[in-house]
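> got a predicted structure plus its sequence, pasted below:
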Amino acid sequence: MSNTLFYMWEGHRQSLMAEHCFYVEQAIKRLLSQFSDIESEADRAAENYLEKTANNFDPDRHDPSDFYEAAHDEGCEFYRLLSDMHEHTRLSVAAGMYQEWDKQLRNWLTKEIIHWHVGDNLLKATWKASFDGIMDLLGALGWTVKQAPYFPKLDALHLAVNIFKHGEGDSLTYLKERYPAYLENQFADLNIESFSDHTNLKITDEQIEAFSTAILAFWQDVPERIFDDNPCDAPFPEWFERAWKKDHQREEKV
């Protein structure tokens with residue numbers, strides 16, 4: 001008879017999905033919605049500038065157009081700074097979404113591993129493994145998550161979050177190759193390919209919703225039971241094999 005290695009209780013699945021939906025809904029309501037009308041806010045910033053500088057205007061010495069031009073510049077700068085804050089907030093929301101999903105996934109895996117494995121090395125390795133390492137483990141267990149239609153969104157999200165946190169690196173290279181749509185090209189209208197660095201990372205509200213949908217699809221797709229006899233040609237990742245052997249060697253010595 002086959003043995004269950006991982007079990008996803010339906011109540012736990014629904015709880016994970018409900019927590020995710022709550023996070024996204026509240027992030028949109030309490031954070032992203034604050035940037036819904038930054039054009040009007042920029043206009044008000046320009047008007048406020050005119051009001052503050054009105055007392056300094058001397059018709060005998062000043063050209064009114066200079067004040068209006070300065071107010072316009074003030075409004076443009078306010079709009080730029082608020083737009084940058086909006087971009088940063090979007091990325092922060094995406095990062096929080098990803099990090100919570102990632103922790104919940106690893107927490108579920110390690111809690112299930114405890115039922116049939118003795119030793120701390122495998123548990124620690126599961127927490128330290130890369131995103132690809134965890135996805136490869138699921139594939140070796142018979143769940144080919146990398147072939148799922150929602151996987152590219154999860155992959156793009158994990159790369160975007162790494163770039164947001166660390167800047168330049170391999171994640172930026174991979175994002176350029178796999179998902180260039182998340183890197184803004186300021187010269188796209190001129191059909192000119194621009195050089196992209198971490199500052200070109202941009203995500204939209206619609207892309208956040210797409211990331212959210214992918215996470216929900218992932219949780220919905222988790223098999224109720226993963227058995228130890230799943231037919232699969234994929235080898236277990238090296239990090240898993242190494243930690244497994246280390247625990248068994250320690251157990252044999254005891």
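Happy to help now that I have it. Just so we're clear, the structure is a prediction, and the values are computed from it rather than from any experiment.

> leaving out sequence neighbours, find the closest residue to residue 90.
residue 203 (5.4 Å; C-beta to C-beta, 6 or more residues apart in numbering). (Each C-beta comes from the backbone N, C-alpha and C, glycine too.)

> what about the one you found, how many residues nearby?
Burial of residue 203 is recorded as 21 neighbouring residues (other C-beta atoms under 10 Å).

> tell me the secondary structure at it.
Classification of residue 203 by DSSP: H, G, I helix; E, B strand; the rest coil places it in coil.

> so which elements touch the strand or helix carrying residue 52?
If you go by DSSP states H and E, residue 52 is part of helix 38-53. Packing contacts for helix 38-53, counted by 3 or more C-beta pairs under 8 Å, 6 or more residues apart in numbering; DSSP states H and E, involve helix 64-113.

> and the helix it packs on, how far out from the chain's middle?
12 Å (C-alpha atoms, centre = their mean, to the nearest Å).

> now do stretch 152-168
6 Å.

> what's the answer for stretch 126-136, then?
16 Å.

> got it, and stretch 16-34?
14 Å.

> repeat for stretch 198-209
10 Å.

> so how far does it reach from one end to the other?
Stretch 198-209 has an end-to-end distance of 22 Å (C-alpha to C-alpha, to the nearest Å).

> please identify the buried residues of that stretch?
Going by neighbour count (16 or more other C-beta atoms under 10 Å), the buried part of stretch 198-209 is 198, 200-201, 203, 207-208.

> pLDDT on that stretch, on average?
Stretch 198-209 carries an average pLDDT of 94.

> what's around residue 220, how many residues?
For residue 220, using other C-beta under 10 Å, the count is 12.

> do the same with residue 112
Residue 112 has 16 nearby residues by other C-beta under 10 Å.

> quick one, phi psi at the nearest residue to it once chain neighbours are set aside?
Excluding the flanking residues, the one nearest residue 112 by C-beta to C-beta, 6+ apart is residue 6, at 4.4 Å. Main-chain torsions, residue 6, degrees, to the nearest 10: phi -140, psi 130.

> ok, now which ones touch residue 6?
With contact taken as C-beta atoms under 8 Å, 6 or more residues apart in numbering, residue 6 is in contact with 108-109, 112, 141, 223, 225-226.

> got the contact list for the residue nearest to residue 90?
Here residue 203 is in contact with 87, 90-91, 94, 160, 182 (criterion: C-beta under 8 Å, 6+ apart).

> nearest to residue 78, of the residues you listed?
Residue 78 lies nearest to residue 87 out of the contacts of residue 203, by C-beta to C-beta, at 15.2 Å.

> thought the closest one was touching residue 202?
Yes: between residue 87 and residue 202 there is a contact at 6.2 Å, judged by C-beta atoms under 8 Å.

> same list (the contacts of residue 203) but as JSON lines, adding pLDDT, distance to residue 218 and neighbour count.
Output for the contacts of residue 203, formatted as JSON lines (pLDDT from 0 to 100; distance: C-beta to C-beta, whole Å; neighbours: other C-beta atoms under 10 Å):
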{"residue": "87", "pLDDT": "94", "distance to residue 218": "26", "neighbour count": "18"}
{"residue": "90", "pLDDT": "96", "distance to residue 218": "21", "neighbour count": "21"}
{"residue": "91", "pLDDT": "97", "distance to residue 218": "21", "neighbour count": "19"}
{"residue": "94", "pLDDT": "97", "distance to residue 218": "15", "neighbour count": "20"}
{"residue": "160", "pLDDT": "97", "distance to residue 218": "16", "neighbour count": "25"}
{"residue": "182", "pLDDT": "95", "distance to residue 218": "19", "neighbour count": "20"}
